Structure formats: C-alpha cells, structure tokens
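# Turn this into a structure:
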Amino acid sequence: MPYNQSKIEHYEKQFGIIAIEKGFITPNMLIEALKIQVEEEIDFHTHRLIGEILMDKDCITAAQIQEILNLVF
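Residues are numbered from 1 along each chain as shown. So this is what the prediction gives:
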C-alpha cells in the first residue's frame, strides 16, 4: 500500500472519531458519509475525504474541519 493511501486511511479513521468525540457529528452521520465515499469510489473511481463529504452535507463546518486537522497533523 503506498504511503499516501495509508496516510489518507489513517486520517479518515482519526477524523471521524475526533469529529464524533467533539460532538460535531453523530456516529450515524459518519456511517452515512462512509457509505457515500464507498459508493463514489465504486461508481466513479474517485476518493473524497470524509470531511469534504460531511461539509457538502452541511454536517460540519470548515472551521470544525480545521480544528480536527490541527489535532491530527
């Protein structure tokens, strides 16, 4: 597995967990975002980050994403 892919997978696991722990999203919101991510990968061969999907669904703000990223990286 290439380094970048591994880093992305680590980020997504951490991102979702932190977002739930901070109360920004619910577990169900994360599950729905993961479903969307997998469906897009299968249908369109693209990979969107969980944060991007959650923001597009108005589940999380850009400021909340940045707060999480500051903790992860």
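
# Would you mind listing the buried residues in stretch 18-35?
For stretch 18-35, a neighbour-count test (16 or more other CB atoms under 10 Å) marks Ile18, Ala19, Phe24, Ile25, Met29, Leu30, Glu32, Ala33 as buried. Using the backbone N, CA and C atoms, a C-beta is placed for each residue, glycine as well.

# Repeat that for stretch 51-71.
So for stretch 51-71, counting by 16+ other CB under 10 Å, buried means Gly51, Ile53, Leu54, Met55, Cys59, Ile60, Gln64, Ile65, Ile68.

# I'd like the average pLDDT over that stretch.
For stretch 51-71, mean pLDDT rounds to 96.

# Can you give me the end-to-end span of that stretch?
Counting by CA to CA, to the nearest Å, the length from the leading to the trailing residue of stretch 51-71 is 14 Å.

# ok, now stretch 40-56?
OK, stretch 40-56 end separation, CA to CA: 14 Å.

# contacting residues around it?
8, 11-12, 15-16, 19, 25, 29-30, 33-34, 36-37, 60-62, 65, 68-69 (CB atoms under 8 Å, 6 or more residues apart in numbering).

# gap between the closest residue in space to Ile25 that isn't next to it in sequence and Ile53?
Leaving aside its sequence neighbours, Ile25 sits nearest to Ala19 (CB to CB, 6 or more residues apart in numbering; 4.7 Å). Going from Ala19 to Ile53 by CB to CB, to the nearest Å gives 12 Å.
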